[in-house]
Every structure is written in C-alpha cells, then in structure tokens.
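S.K.: I would like to see how this sequence folds:
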Amino acid sequence: MIQSVLLVAATALLTWLILRWTASRPDRPKTLSPQQREAEHARQIGTQLDGARDRATVAETERNKLALAKAVKAALWVTEARLNVAVPDLLKMAQLWVGKSETRGDSWTPPQGVSDIEGLDDARAPWASWSFDGRHWRIEGEWRPSVVPEEIEGDVGTFKVILDRQLMLDMTISSKDPQLLWVDALTVGPWVSDLLAFAGARTSDAKARSSARSARKNQERADNIHWS
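M.R.: Numbering: from 1, shown residues only. So this is what the prediction gives:
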C-alpha cells in the first residue's frame, strides 16, 4: 500500500517537473510559409524605413533652423545697410538718366564718370545699367501684387543688383514702406559701400542742382518785385 502511494507521489512529482521544464523552454520557431516569410520581410523593411524617415526628419529640421537663421541674418544686414531703400532709389535715378539721354540726346550730359547708360522705364519691370569707374552696374526691378494681401498690403517688388555680370543682391520689398520682406541672394563685399557712396553722391548733386535752381528762381522773382 505504502509503495503504491509512493509510486503515485513520485509519478506526480515527475510529471510536475516535466511540465515546469517544458514551460520554461523558449518556443521553437515555427516554420513559416513563403507568404508569411514575405510579410515578415516587408514588416522589417517598413520598420527600417520608419527609422530612416525619423532620422531624416530630425536632420531636415536642423537644416531648416540653420537656413532660417542665415536668412534672418542676411535680412538684418541688408536692412541695416539700408539697401532696401538705396537700391530702388538708385534705379529711379538711373531711369531719369535713360529718359534724358533719349529725349535730349547730345544736349544732355550724364553725371561725371557715368557712361553706357541703358534701361527701360516700365512700371512693372524697370531696369537700368551704366558703367562707372571701370565697372558695369545693372539694377533690375519687378513689381507684382502680393499673394497674401491680408498680411502684405500693396505690391511687392523684387530687386536685383548685378555687378560685372555677377548677382550681388536679390531681395524682395513691400511697396508701402519700403520694408524688406526677404533676401534670396546676397554677396557681402566692397560693392555695398561703392553703391551707397555712388548713390549718395548722385543724390547730393541732384539736391545741390535743385537748390541752385530754386535760388535762381527766387532771385528772378525778387528782381521783378519793386517797391515804390
């Protein structure tokens, strides 16, 4: 009787140990069908692509931050140099030279040192070019309606400064201020000082001539006034 009880107990213990050992063993990989293997391979590729996209997104965000910082720095520099004002004003002045050279011909003398004056006095796409001090300058403008009128009132104008056939500045301004909106291209160099000095000298000459004409006119009026 005791032997039977011991046999039953031993059998139960052995069965428990076998079940415990079986449960602790890792599952044997199942044999996959070709369709299942293809699906698993596709899943792995998808996981890899998701990881690559995540890494690309992070890198693109960093590049965008650097690009934005560079664009903001350029815009601040152009505004500080007041090129957003000087360039359109110089283009208007050069267009006056073009008009005078065409209408007055040989009777008109261009500003000292300025030659090879060309241009187009067009309201939407004005441009002018000239040579000065051995260098060739060209300024191109283009005005167009704002694509976001609720944010930018009036027209926006793109202005390009080209020196000796090389693009030095490509900027967009609003017609209202003019306020600089963005810079698409900029090469910082001595040309900026040259342009500002040239424009300032021409403006000073024009103001001086205007002042002289006004003084002469006032003198003529005074000569015609007699007190009895």
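
S.K.: just the C-alpha atoms of the one helix or strand A86 maps to, please, in CSV.
M.R.: For A86, the host element (DSSP states H and E) is helix 83-104. Once non-C-alpha atoms are left out, helix 83-104 reads as follows in CSV (Å, rounded to 0.1, in the frame of the first residue of the first chain):
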residue,chain,number,x,y,z
LEU,A,83,19.9,98.7,-49.3
ASN,A,84,16.1,98.2,-49.3
VAL,A,85,15.9,102.0,-49.7
ALA,A,86,19.0,102.8,-51.6
VAL,A,87,18.7,100.3,-54.4
PRO,A,88,15.1,101.3,-55.6
ASP,A,89,16.0,105.0,-55.3
LEU,A,90,19.2,104.5,-57.4
LEU,A,91,17.1,102.6,-60.0
LYS,A,92,14.7,105.6,-60.2
MET,A,93,17.6,108.0,-60.6
ALA,A,94,19.2,105.9,-63.3
GLN,A,95,15.9,105.7,-65.2
LEU,A,96,15.9,109.5,-65.3
TRP,A,97,19.3,109.4,-67.0
VAL,A,98,17.9,107.0,-69.6
GLY,A,99,15.0,109.3,-70.2
LYS,A,100,17.1,112.4,-70.5
SER,A,101,19.7,110.7,-72.8
GLU,A,102,16.8,109.6,-75.1
THR,A,103,14.9,112.8,-75.2
ARG,A,104,17.7,115.4,-75.1
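
S.K.: ok, which stretches of the protein are strands?
M.R.: Here the chain has its strands, by DSSP state E, at 114-120, 127-132, 135-145, 155-163, 166-174, 180-186.

S.K.: that older thread, buried residues of the helix holding A86, list them for me.
M.R.: For helix 83-104, a neighbour-count test (16 or more other C-beta atoms under 10 Å) marks 83-88, 90-91, 93-95, 97-98, 101 as buried. Every C-beta, even on glycine, is put in place using the N, C-alpha and C of the backbone.

S.K.: what angle sits between that helix and strand 155-163?
M.R.: Relative orientation of helix 83-104 versus strand 155-163 (axes from the mean of the first three to the mean of the last three C-alpha atoms, to 10 degrees): 80 degrees.

S.K.: check contacts around the residue lying closest to L196 once chain neighbours are set aside.
M.R.: Distance criterion C-beta to C-beta, 6 or more residues apart in numbering; nearest residue to L196, sequence neighbours excluded, is A86 at 5.8 Å. A86 makes contact with L195, L196, A199 under the criterion C-beta atoms under 8 Å, 6 or more residues apart in numbering.

S.K.: give me the low-pLDDT residue ranges for the chain?
M.R.: Under the criterion pLDDT under 70, the flagged ranges of the chain are 1-32, 35-67, 148-152, 203-228.

S.K.: switch to 90 and redo it
M.R.: By pLDDT under 90, the weakly predicted segments of the chain are 1-83, 96-112, 121-123, 145-155, 174-182, 186-228.

S.K.: the closest residue to D133 other than its chain neighbours: how many residues sit nearby?
M.R.: Computed as C-beta to C-beta, 6+ apart, the closest residue to D133 that is not its neighbour in sequence is G113, at 6.3 Å. By other C-beta atoms under 10 Å, the residues close to G113 number 12.

S.K.: where's G113 relative to A201, distance?
M.R.: Using C-beta to C-beta, to the nearest Å, G113 is found at 10 Å from A201.
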